[in-house]
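Asker: Sequence isn't available, so here's the structure alone:
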């Protein structure tokens, strides 16, 4: 899960902000919509962020919002913004974190990650098992691959099918 530590609300120039925002940060008078739009980006997010399904926004040691990530979109300077929706009471991730102390130690970097089975992705092979990070339970990537190969036939038949379907136009 991605954890983002917010500063206190401050004004920014919408002509200079990559998302056209005029404020960023946390203010207790902001409603959820304003908090989400002010803080969904522009973050320096590592490769791990692409595999995460949820993000938490915290301020002064308390989780203020939980977000379900649909996708991360690039913005200027190698930064990314979150596209998704903020969660509300009744959602398991919201209920587990919002209004409670931050689940990670405070660091200089506003972006941290932590493993959580709350709202974890399920294994991409389709088995339904939760994964804390990545796309597969250990070994299930091979299980998924071989299940698909068997729909074509043998490994050799799969290679022949793949090579004829996705022929390299340059003959490499």
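Answerer: Sure thing, it's come through. Because the structure is a prediction, the values reported are computed rather than measured. Numbers count the residues shown, from 1 in each chain.
Asker: number of nearby residues for residue 80?
Answerer: Residues near residue 80, counting by other CB atoms under 10 Å, number 19. Placement of C-beta: from N, CA and C, glycine included.
Asker: Confirm for me that it is in contact with residue 47.
Answerer: No. Residue 80 lies out of contact with residue 47 (CB atoms under 8 Å); the separation is 11.1 Å.
Asker: who are the neighbours in contact with residue 69?
Answerer: Listed by CB atoms under 8 Å, 6 or more residues apart in numbering, the contact set of residue 69 reads 2, 52, 53, 54, 55, 82, 83, 84.
Asker: Identify, by residue count, the longest strand of the protein.
Answerer: Ranked by residue count and defined by DSSP state E, the top strand of the chain is strand 62-74.
Asker: Go through the helix or strand following it and flag the buried ones.
Answerer: Using DSSP states H and E, the helix or strand that follows strand 62-74 in sequence is strand 80-86. For strand 80-86, the neighbour count (16 or more other CB atoms under 10 Å) marks 80, 81, 82, 84, 86 as buried.
Asker: Kindly report the same for stretch 67-75.
Answerer: 67, 68, 69, 72.
Asker: Report the beta-bridge partners for the last one.
Answerer: In this structure, residue 72 bridges to residue 82 when assessed by DSSP bridges.
Asker: my read: it touches residue 44, true?
Answerer: No. Residue 72 is beyond contact range of residue 44, at 11.5 Å (criterion: CB under 8 Å).
Asker: Kindly point out which residues are neighbours of both of these two.
Answerer: In contact with both residue 72 and residue 44: residue 80, using CB under 8 Å, 6+ apart.
Asker: pLDDT (mean, whole number) over the longest helix anywhere in the chain?
Answerer: Longest helix in the chain by number of residues (criterion: DSSP state H): helix 140-152. Mean per-residue pLDDT for helix 140-152: 90.
Asker: Would you map the strands across the chain?
Answerer: Using DSSP E, strands in the chain cover 2-5, 10-11, 23-24, 41-43, 54-59, 62-74, 80-86, 111-113, 121-122, 130-131.
Asker: In JSON lines, list those strands along with distance to residue 97 and mean pLDDT.
Answerer: Putting the strands of the chain into JSON lines (distance: least, CB to CB, whole Å; pLDDT from 0 to 100) gives the following:
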{"stretch": "strand 2-5", "distance to residue 97": "9", "mean pLDDT": "95"}
{"stretch": "strand 10-11", "distance to residue 97": "25", "mean pLDDT": "96"}
{"stretch": "strand 23-24", "distance to residue 97": "21", "mean pLDDT": "96"}
{"stretch": "strand 41-43", "distance to residue 97": "18", "mean pLDDT": "92"}
{"stretch": "strand 54-59", "distance to residue 97": "6", "mean pLDDT": "96"}
{"stretch": "strand 62-74", "distance to residue 97": "5", "mean pLDDT": "95"}
{"stretch": "strand 80-86", "distance to residue 97": "12", "mean pLDDT": "96"}
{"stretch": "strand 111-113", "distance to residue 97": "14", "mean pLDDT": "92"}
{"stretch": "strand 121-122", "distance to residue 97": "17", "mean pLDDT": "72"}
{"stretch": "strand 130-131", "distance to residue 97": "17", "mean pLDDT": "74"}
